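Q: output the structure for:
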Amino acid sequence: MAETDRLIAERYRLLERIGAGAMGVVWKAEDQRLDRVVALKELILPHAMDDPGAADLVADASARAMREGRIAARLTHPSAITVFDVVTDNDRPVLVMEYLPSTSLAEVLARRERLGAEEVAAIGAQIAAALAAAHESGIVHRDVKPANVLMSDDGVAKLSDFGISRASGDGTLTATGVVAGTPAYFAPEVARGEDADSRSDVFSLGATMYHAVEGAPPFGVGDNQIALLYRVSTGEFPPPEHAGPLHGLLLRMLDADPAERPAMTTVAAELALITEAKTVQIAPAVTEDGGRRFRLVLVICVVVLLVAGGVVAVVLMNRGERTPEVPPVAQSTSQPAPPPPPAPASSASPPSSSAPPSSAPPDPAQALEAAVRDYYALLPGNLETAYSLLSDRMKQERAPSFGSYSGFWGQMSSVQVSDINAVGTNTVTASIVYTKAGGGTERERHTYTLVQSGGKWLIDSQR
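A: Below is the predicted model of the structure:
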């Protein structure tokens, strides 16, 4: 396949080339019989034509592609890209699949480096459920990796390319001993030349999740695939440092002994529990209305400071002492409030045995969440003020100049922040939806670290 508007198998008209890789070319196409949009993937078969016996090898690979594509078409699961059909074009197998406007996990990691453990658990739970259903149907994926995990704007994750790796020679040693594709997510037994099975899928999903939380695959990456294969074959890798609740499960999934790895059904169940536990944990988080009420209190205090400085001391006294370790989001003055004077004595009634009621100090978690919420409320319209809410470290790492910062936000027409949750003394997670000026949206989940400077919270890092 080369040009758009070409008809494949007298049924599928090519609309747009949407991707290409070592295993094939992917097209957006129209199924003219059923009047729907589909994705077509033409497999790139192994072995060049000048290789002795190439014709027989290509024919065999094509037959296996057709067979395994049809096997994959038996699987229907909400977290798996559905294979509708397998056809041929110029003697090459073409898979007809569900079309999903999406971004691969590999692209997300290239942009964000690594994700939070809870976000990875949510993605992994969906992919593990699809793989568990596949294994129950006798289907082994053989090529689980970030590039094959597709993520839509609304948080749906789907696994693609079922059964293709073996069909096209990717993921196993070829007859000439050359590895097609990356071995970074191989199980050790596959790196040693053994056949992949469901337990290998468990390892590969674990390696994919490890990459997502740590920023690199368990055995690293490199141009020398033979050296990488050797590292994978040993099964030795550094323990994860950022996995949080995923730590124990990842180590079991990445066990060098296939017999010690959990079944995919167990993996799916445990990831679902982690995701549900996170949902329960964040349920009592401050609401948007609560955040507005908190900001209203701050605004009132600022107005009082400006209008009647003498009254401020009384207001601050009534609010009680603030926790020194976590200053408020904003301070109108650097001078500490004077100590409260002693209460006047009264001979008419005895002193009360309990302290007078006072307003509770602001919740530090609310202050952190409000800082992130208020930052995004400025964007993309008030760039200068928003830029001032980034620490020097954040500017150096993400936006070394205001020009680069404004250049990025100039591509956006709006941004929405939701599901804001303080998870530590200076850490916040939040979901961000970017709406591009040219159309289209991107949904991301970030973890932010904040620091205090000049009496206000600044965003110090984003991952």
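Q: where do the helices sit along the stretch 101-250 of the chain?
A: 105-112, 117-136, 164-168, 188-191, 198-214, 225-234, 247-253 (DSSP state H, counting those that start in this stretch).
Q: and the fifth one, C-alpha only, in CSV?
A: To tie it back to what came earlier, the one meant is helix 198-214. C-alpha atoms of helix 198-214 as CSV (Å, rounded to 0.1, in the frame of the first residue of the first chain):
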residue,chain,number,x,y,z
SER,A,198,0.9,-16.6,28.8
ARG,A,199,3.5,-16.4,31.6
SER,A,200,5.7,-14.4,29.2
ASP,A,201,2.9,-12.0,28.6
VAL,A,202,2.7,-11.5,32.4
PHE,A,203,6.4,-10.6,32.4
SER,A,204,6.1,-8.2,29.5
LEU,A,205,3.1,-6.4,31.1
GLY,A,206,5.2,-6.1,34.2
ALA,A,207,8.1,-4.7,32.2
THR,A,208,5.7,-2.2,30.6
MET,A,209,4.4,-1.1,33.9
TYR,A,210,7.9,-0.9,35.4
HIS,A,211,8.9,1.4,32.5
ALA,A,212,5.8,3.6,33.2
VAL,A,213,6.6,4.2,36.9
GLU,A,214,10.4,4.2,36.7
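Q: re the thing from before, kindly reformat the helices of the stretch 101-250 of the chain as TSV containing distance to residue 420 and mean pLDDT.
A: Glycine gets a C-beta too; all of them are placed from N, C-alpha and C. Below are these laid out as TSV (distance: least, CB to CB, whole Å; pLDDT from 0 to 100):
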stretch	distance to residue 420	mean pLDDT
helix 105-112	18	94
helix 117-136	13	95
helix 164-168	40	51
helix 188-191	41	94
helix 198-214	21	97
helix 225-234	39	92
helix 247-253	25	96
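Q: now do the nearest residue to residue 426 once chain neighbours are set aside against residue 375, distance only.
A: Counting by CB to CB, 6 or more residues apart in numbering, residue 426 lies nearest to residue 450, which is 5.1 Å off, once chain neighbours are set aside. Separation of residue 450 from residue 375 (CB to CB, to the nearest Å) stands at 10 Å.
Q: could you do residue 429 as well?
A: Distance from residue 429 to residue 375, by CB to CB: 14 Å.
Q: picking that back up, shared neighbours, residue 450 and residue 375?
A: residue 459 (CB atoms under 8 Å, 6 or more residues apart in numbering).
Q: and the closest residue in space to residue 414 that isn't next to it in sequence, bridged to which residues?
A: Once flanking residues are discounted, residue 414 sits nearest to residue 435: 4.5 Å by CB to CB, 6+ apart. Counting by DSSP bridges, residue 435 is bridged to residue 414, residue 441.
Q: and what of residue 447?
A: Bridge pairing for residue 447 - DSSP bridges - gives residue 429.
Q: burial of it, as a residue count?
A: 22 (other CB atoms under 10 Å).
Q: touching, it and residue 116? I think so.
A: Yes: the pair residue 447 / residue 116 is scored as a contact, 4.7 Å apart, by CB atoms under 8 Å.
Q: what touches both of these two?
A: 429, 463.
Q: so for residue 408, which of the helices of the stretch 101-250 of the chain sits nearest?
A: helix 105-112 (11.7 Å; CB to CB).
Q: list the buried ones in that closest one?
A: 105, 108, 109, 112 (16 or more other CB atoms under 10 Å).
Q: so what's the first one up against?
A: What it means is residue 105. Taking CB under 8 Å, 6+ apart as the test, what residue 105 contacts is 123, 146, 147, 149, 150, 151, 157, 208, 212.
Q: now do the contacts for the closest residue to the first one other than its chain neighbours.
A: Read it as residue 123. Distances taken as CB to CB, 6+ apart place residue 157 nearest to residue 123, at 4.6 Å, with adjacent residues excluded. Contacts for residue 157 (CB under 8 Å, 6+ apart) come out as 79, 105, 122, 123, 126, 127, 149, 150, 151.
Q: can you list those in CSV and add distance to residue 187?
A: Formatted as CSV, these follow (distance: CB to CB, whole Å):
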residue, distance to residue 187
79, 21
105, 19
122, 24
123, 20
126, 21
127, 16
149, 17
150, 22
151, 24
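Q: closest to residue 10 out of the residues you listed?
A: residue 150 (28.3 Å).
Q: skipping adjacent residues, who's closest to that closest one in space?
A: Residue 150's closest residue in space is residue 102 (CB to CB, 6+ apart), at 4.0 Å.
Q: show me the two of the contacts of residue 157 that sit farthest apart.
A: 122 and 150 (14.6 Å).
Q: least confident secondary structure element in the protein?
A: helix 309-319 (a mean of 40; mean pLDDT, DSSP states H and E).
Q: check which element follows it along the chain.
A: The helix or strand immediately downstream of helix 309-319 is helix 364-377, counting by DSSP states H and E.
Q: what pLDDT, on average, does that next one get?
A: Helix 364-377 shows a mean pLDDT of 91.
Q: give me phi/psi at residue 76?
A: phi -130, psi 110 (degrees, to the nearest 10).
Q: pLDDT score assigned to the spatially most central residue of the chain?
A: Central residue of the chain (CA atoms, centre = their mean): residue 115, 5.1 Å from the mean position. Note on residue 115: pLDDT of 94.
Q: residue 68 too?
A: 69.
Q: same check, this time on the one 5 residues further on
A: Taken from the predicted model, the pLDDT recorded for residue 73 is 78.
Q: confirm for me that it is in contact with residue 81.
A: No: with contacts counted by CB under 8 Å, residue 73 stays clear of residue 81, the gap being 11.0 Å.
Q: which one's more surrounded, the two?
A: residue 81 (24 against 18).
Q: setting aside sequence neighbours, what's the nearest residue to that one?
A: Residue 81 sits nearest to residue 160 (CB to CB, 6+ apart), 4.1 Å away.
Q: again, but for residue 26
A: residue 19 (4.0 Å).
Q: buried residues, the helix or strand hosting the one you found. List them.
A: In this assignment (DSSP H and E), residue 19 forms part of strand 12-20. Neighbour counts using 16+ other CB under 10 Å place 12, 14, 15 of strand 12-20 among the buried residues.
Q: now for that strand, which elements pack on it?
A: strand 7-8, strand 24-31, strand 36-43 (3 or more CB pairs under 8 Å, 6 or more residues apart in numbering; DSSP states H and E).
Q: straight-line length of stretch 191-207, end to end?
A: 14 Å (CA to CA, to the nearest Å).
Q: any of the contacts of residue 105 buried? List them.
A: Judged by 16+ other CB under 10 Å, buried ones among the contacts of residue 105: 123, 146, 147, 149, 150, 151, 157, 208, 212.
Q: pretty sure the fifth one is touching residue 104, no?
A: What that stands for is residue 150. Yes: using CB under 8 Å, residue 150 is in contact with residue 104, at 5.8 Å.
Q: where does the stretch 201-350 of the chain dip in pLDDT?
A: Counting by pLDDT under 70, the low-confidence segments of the stretch 201-350 of the chain come to 277-350.
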